[in-house]
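Trainee: sequence? don't have it. structure:
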């Protein structure tokens, strides 16, 4: 979501203020930091970055510094109080006002702060500047109503609001006409999408079906899913829509029913595993990724072992795992954090080691197979290679200088598995 928002910020500034990306921070008129407050470490990085930028501003007093995103929404004017070098503070729902805020700062020299929640107003102002990228993000629902005890998102991004299906399909059509082949539908709780179609509330499954009918759209992804909202109609759409990829991000957070209840996740392990089974019945080759929080307040060795048990049962292909980080204005922040840092670090090490083993094992099973891959562009590490993704979300690198392949789906024979990617040869 932050990548999508950041791209839209630039599109706005390019369109309304004729901005372009500077070659370096020292040459910029405006420095923008789009922030995340999911974890305390990410939040503290914001102020470290502002400190570095303040030194640039000391040399160039005309430089403006803007802080956007969830830390901005959470802290508001306190950011400027703590870091006076900041000129503009705006939230995720007011990013469309950035050009106006910049103008007003230049006109009055007064600091500008707007962290309001004007629902879907921003989508009426965001340009669709598709540049023909093979894959593109499209935001379909903003905010979250779940109020998990550890999560700050409802406070920083607001309550759930869904875009209309007509509006979304219009954006997808523009992107497809410009060469995009894969659409990644975004939302904090994407499964609870309730956008209207012809004035009536609809569903994510219906949106997926309609998106698949748009010419040139060959692949569809969605992120992020809440297991409680993953209804049967969404499971069944995997059987009807081949464009929907064989990968789903399904955050479990913990394998302990006791901890899940404390987290206010609204499902238990049995319900989660039943959902995994339902999906695999429809797509036996489904790849699962997940999120894990280690060291949640009150987590015992038995609770942690329950998490390891669900990891071994589902056998996740990818994962994002973190030590619990208390966030302001969440109910978990008031709980007694009785797990020592040493225990948290040791558990995280054990968990990540096992998840890495499973991920590498998944990759090794692909060696010797042929995979249809959407080519994204040149490899980041080797300009003599191209990079693509399989339908199950595995990155594949192969030797080629033929940039005409970018944006195409090609067949790659996999001949090597590495920790973070696959390697193969282009098949004729």
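Mentor: Perfect, I can see it now. Predicted model, so just to flag it, every value in this text is computed and none were measured.
Trainee: in the longest helix along the chain, what counts as buried?
Mentor: Scanning the chain for the helix with the most residues, using DSSP state H, yields helix 341-366. Residues 343-344, 347-348, 351, 355, 358-359, 362-363, 366 are the ones in helix 341-366 that count as buried (16 or more other CB atoms under 10 Å). For every residue, glycine as well, the C-beta is placed using N, CA and C.
Trainee: Stretch 79-98 now?
Mentor: Residues of stretch 79-98 classed as buried: 79-80, 83, 85-98 (neighbour count, 16+ other CB under 10 Å).
Trainee: How about stretch 242-252?
Mentor: In stretch 242-252, counting by 16+ other CB under 10 Å, buried: 243-252.
Trainee: out of those residues, what pair is the most spread apart?
Mentor: The largest separation in the buried residues of stretch 242-252, counting by CB to CB, is between 243 and 252 at 26.3 Å.
Trainee: what's the neighbour count on the nearest residue in space to residue 226 that is not next to it in sequence?
Mentor: The spatial neighbour of residue 226 that comes closest, neighbours along the chain excluded (CB to CB, 6 or more residues apart in numbering), is residue 189 at 5.0 Å. For residue 189, the count of nearby residues is 20 (other CB atoms under 10 Å).
Trainee: on that earlier part again, save the buried residues of helix 341-366 as a markdown table, and put in pLDDT too.
Mentor: As requested, the buried residues of helix 341-366 are exported to a markdown table (pLDDT from 0 to 100):
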| residue | pLDDT |
| --- | --- |
| 343 | 97 |
| 344 | 97 |
| 347 | 98 |
| 348 | 98 |
| 351 | 98 |
| 355 | 97 |
| 358 | 96 |
| 359 | 95 |
| 362 | 94 |
| 363 | 95 |
| 366 | 96 |
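Trainee: was I right about residue 412 contacting residue 373?
Mentor: Yes: under the criterion of CB atoms under 8 Å, residue 412 makes contact with residue 373 at 5.0 Å.
Trainee: Now the common contact residues for these two.
Mentor: The contact sets of residue 412 and residue 373 overlap at 388, 396 (CB atoms under 8 Å, 6 or more residues apart in numbering).
Trainee: returning to that earlier point: list the contacts of the residue nearest to residue 226.
Mentor: 141, 144-146, 160, 224, 226, 229.
Trainee: quick one, strands of the stretch 251-400 of the chain?
Mentor: Ranges of strands in the stretch 251-400 of the chain, per DSSP state E, counting those that start in this stretch, are 287-294, 318-323, 370-378, 385-389, 395-399.
Trainee: To residue 172, which of those lies closest?
Mentor: Residue 172 sits nearest to strand 370-378 of all the strands of the stretch 251-400 of the chain, at 15.9 Å, using CB to CB.
Trainee: buried residues in the closest one?
Mentor: Counting neighbours by 16+ other CB under 10 Å, strand 370-378 gives 371, 373-376, 378 as buried.
Trainee: Could you name the helices and strands sitting against that strand?
Mentor: strand 385-389, strand 409-417 (3 or more CB pairs under 8 Å, 6 or more residues apart in numbering; DSSP states H and E).
Trainee: need those strands in a markdown table with mean neighbour count, can you?
Mentor: Putting those into a markdown table (neighbours: other CB atoms under 10 Å) gives the following:
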| stretch | mean neighbour count |
| --- | --- |
| strand 385-389 | 22 |
| strand 409-417 | 17 |
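Trainee: Could you export the ones you listed as CSV, including mean pLDDT and distance to residue 174?
Mentor: Converted to CSV, the helices and strands packed on strand 370-378 look like this (pLDDT from 0 to 100; distance: least, CB to CB, whole Å):
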stretch, mean pLDDT, distance to residue 174
strand 385-389, 97, 23
strand 409-417, 97, 21
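Trainee: will you turn those strands into CSV that also has distance to residue 113?
Mentor: Listed next are the helices and strands packed on strand 370-378 as CSV, based on distance: least, CB to CB, whole Å:
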stretch, distance to residue 113
strand 385-389, 40
strand 409-417, 46
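Trainee: Of those, which is nearest residue 194?
Mentor: Closest to residue 194 of the helices and strands packed on strand 370-378, according to CB to CB: strand 385-389, at 29.4 Å.
Trainee: Pull the residues that contact that closest one.
Mentor: Contacts of strand 385-389 (CB under 8 Å, 6+ apart): 373-380, 395-400, 402-403, 405-406, 410, 412, 421.
Trainee: Give me the neighbour count for residue 314.
Mentor: 19.
Trainee: close enough to count as contact, residue 230 and residue 250?
Mentor: Yes: if you go by CB under 8 Å, residue 230 and residue 250 touch, sitting 7.2 Å apart.
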